[in-house]
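S.K.: sequence and predicted structure are below.
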Amino acid sequence: MSLAVVRRVAEIRDEVSRARRSGMSIGMVPTMGALHAGHGALIDRARAETSCVVVSIFVNPLQFDRKEDYERYARTLPGDLEFCRERGADLVTIPRLGLTSTNQELSPTSETVKGKRPPPMFRTKTVSAGSLRSSRNELGKRSSSGWRSSRRWPPI
């Protein structure tokens, strides 16, 4: 599989379904772009343990307390794509903001820890994971290293 770059949910579904039908296992490396050696290690591990490596690049505005920080966040897409190609990723997903579910709320039981709400970063990471799942990116078995793989799609 050569590096494919997709932006639409239907394209993501098609590419991953095609890999699944071929009997491939899927490794998912979710990122916010500006890829570096740490991301490379996750891609390498996914490559070693699965037969199809998917990298998502999505800068979530909810990860930032201030709009200025979001606007200043490094966006290095051409370099990120080359990085993924060099590391042997098979698929890069770059969902547009409108294609993700960024307005989901956490359940009341998960909102507080010892009577306090978690900082915004932790709340939005949960939202991001739900958004990726809703677009049918592979989020089955979780690895302790930060990437995920699975033999089967979870029901959506």
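M.R.: Arrived safely.

S.K.: from Val92, how far out is Glu11?
M.R.: As for Glu11, its distance to Val92 is 11 Å (criterion: Cβ to Cβ, to the nearest Å). C-beta coordinates here come from the backbone N, C-alpha and C atoms, glycine included.

S.K.: which one's more surrounded, those two?
M.R.: Using other Cβ atoms under 10 Å as the criterion, Glu11 and Val92 rank with Val92 on top: 23 against 14.

S.K.: could you list every helix and strand that the helix or strand containing that one packs against?
M.R.: Using DSSP states H and E, Val92 falls within strand 91-93. Contacts defined by 3 or more Cβ pairs under 8 Å, 6 or more residues apart in numbering; DSSP states H and E place strand 91-93 against strand 4-6, helix 9-21, strand 52-57, helix 77-87.

S.K.: next one, pLDDT for Ile12 please.
M.R.: Ile12 is assigned 88 on the pLDDT scale.

S.K.: touching, it and Val6? I think so.
M.R.: Yes. Here Ile12 lies in contact with Val6, judged by Cβ atoms under 8 Å, at a distance of 5.3 Å.

S.K.: now list whatever residues contact both of these two.
M.R.: Residues within reach of Ile12 and of Val6 at once, by Cβ atoms under 8 Å, 6 or more residues apart in numbering, are 91, 93.
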